[in-house]
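Trainee: coords please:
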Amino acid sequence: MKKCLSLLLAALMLAAVLTGCGGNPSTEETDTPADTGTEQAAQTNWSVSSVTGTGTELKFRTGGDQGTYYGFGSVLAQAITTNGNGTKVTAVVSNGSQDNIEQMQMNVAQLGFVQSDVMSYAYNGERLFEGFPYADFSTVAALYMEQVQIVTCDPDIKSVADLEGKTVSIGASGSGVYYNALDILAAYDLTEDDINAQYQDFGASADALQDGKIDAAFVVAGAPTVAITTLATAKDTYLVGLDDEHIAKLQESSPYYEEYIIPEGTYEGVPETKTVAVVATVIARDDVSEDDVYNICYTIFENMDNLAHDKAGELDVEFASGVTAVPYHAGAAKYFAEKGFDVPTK
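Mentor: Residues are numbered from 1 along each chain as shown. Sure thing, here's the model as predicted:
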């Protein structure tokens, strides 16, 4: 009998150990440590909306874990969950703008970070979404500019024209970065066939640059970007700038690009660089509660100084309300109206 009890106890202990050593979650399910249990008390010195949220968990698809979307998105999700008066948001690692929209279409996620150009493609059924428009989403807010950063460790690559014949990462095939790369190459009369194209995300591109496996990479994200910051601390790194003539040519065919100066010191040893940028925008499914979307906007813009991320310094209510490509969600429109800005809705 004692032998049987001993064997049973041993089996139970082994089961407990195996349970505690479960594998890591997949990228698809990597969440921020936002509260998923009882409601947390709002933090001191935070302004809290008087509107009560639904308490329904809203999945917020962001981007890769070395990109700005995930870093800033995690900060926003935690802030909203803690201080959003019942609105619950969980940030999830993703493959970026197109993936976020597709997952929202399937209701795997209810919120997403997207580039403004990709958002327009989806809404109008163009490029990435040619023949398959998806319009059951609305704008929540424009948050900041995300720069097209052409990164290299080769000091002889000084212009986009110098990329001809080089091995260049241009983002995942069909991604927003991919189309940004094609647009910029075209402004310099180059095509995908004129380079040895590689299709890598930010982290893989930075690793390949450090290992000398590629000559340059296109990264579209808010600067500073973790992958580039890490690379610049390990190896001499350069940003390839765009000149006025080619920026003007680019804007003729793609007016959603805006000229942008990346300041000196953004990355170690990298001087001021002229490039272009698109807008990082948060969108929501149309069926997300008006109260929850209102609380998302309220928590972000009434507490900008409390958000612990570099991009929080770029938040601006007027800029946030300036999207014209896709109408705003009713909850966002309610918030912006209170701040004196009328925005288009469906």
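
Trainee: C-alpha only now, for contacts and for neighbours.
Mentor: OK.

Trainee: okay, and for the stretch 51-200 of the chain, where does confidence drop off?
Mentor: Applying pLDDT under 70 to the stretch 51-200 of the chain flags the ranges 174.

Trainee: now do 90
Mentor: 63-68, 95-96, 98, 127-128, 171-177 (pLDDT under 90).

Trainee: can you show me the helices along it?
Mentor: Taking DSSP state H, counting those that start in this stretch as the test, the helices found in the stretch 51-200 of the chain are 68-83, 97-105, 116-124, 176-187.

Trainee: nearest to Ile300 among those would be which one?
Mentor: Nearest to Ile300, of all the helices of the stretch 51-200 of the chain, is helix 68-83, at 7.1 Å by C-alpha to C-alpha.

Trainee: tell me how far that closest one lies from the chain's centre.
Mentor: Chain-centre distance of helix 68-83: 12 Å, with C-alpha atoms, centre = their mean, to the nearest Å.

Trainee: pick the most buried one from the helices of the stretch 51-200 of the chain.
Mentor: Greatest average neighbour count among the helices of the stretch 51-200 of the chain goes to helix 68-83 (a mean of 24), per mean count of other C-alpha atoms under 10 Å.

Trainee: and the residue nearest the centre of the chain, what does it touch?
Mentor: The structure's the chain has its C-alpha centroid closest to Tyr69; by C-alpha atoms, centre = their mean the separation is 2.8 Å. Contact partners of Tyr69, counting by C-alpha atoms under 8 Å, 6 or more residues apart in numbering, are Thr62, Gly63, Phe113, Ala221.

Trainee: quickly note the distance from it to Leu76.
Mentor: From Tyr69 across to Leu76, the span is 10 Å (C-alpha to C-alpha, to the nearest Å).

Trainee: pop the domain breakdown of this structure in here.
Mentor: Following automatic domain parsing, the chain resolves into domains at 45-143+281-338, 147-278.

Trainee: which among these is found nearest to Thr345?
Mentor: In terms of C-alpha to C-alpha, the element of the domains of the chain nearest to Thr345 is domain 45-143+281-338, at 4.6 Å.

Trainee: now do the same end-to-end measure for that closest one.
Mentor: Start-to-end span of domain 45-143+281-338 (C-alpha to C-alpha) is 21 Å.

Trainee: hmm, who's touching stretch 201-214?
Mentor: Here stretch 201-214 makes contact (C-alpha under 8 Å, 6+ apart) with 64, 66-67, 152-153, 166-169, 171-172, 215-217, 219, 227-228, 231, 234-235.

Trainee: who are the neighbours in contact with Val140?
Mentor: Val140 touches Thr281, Val282, Ile283, Ala284, Val293, Cys297, Tyr328, His329, Ala332, counting by C-alpha under 8 Å, 6+ apart.
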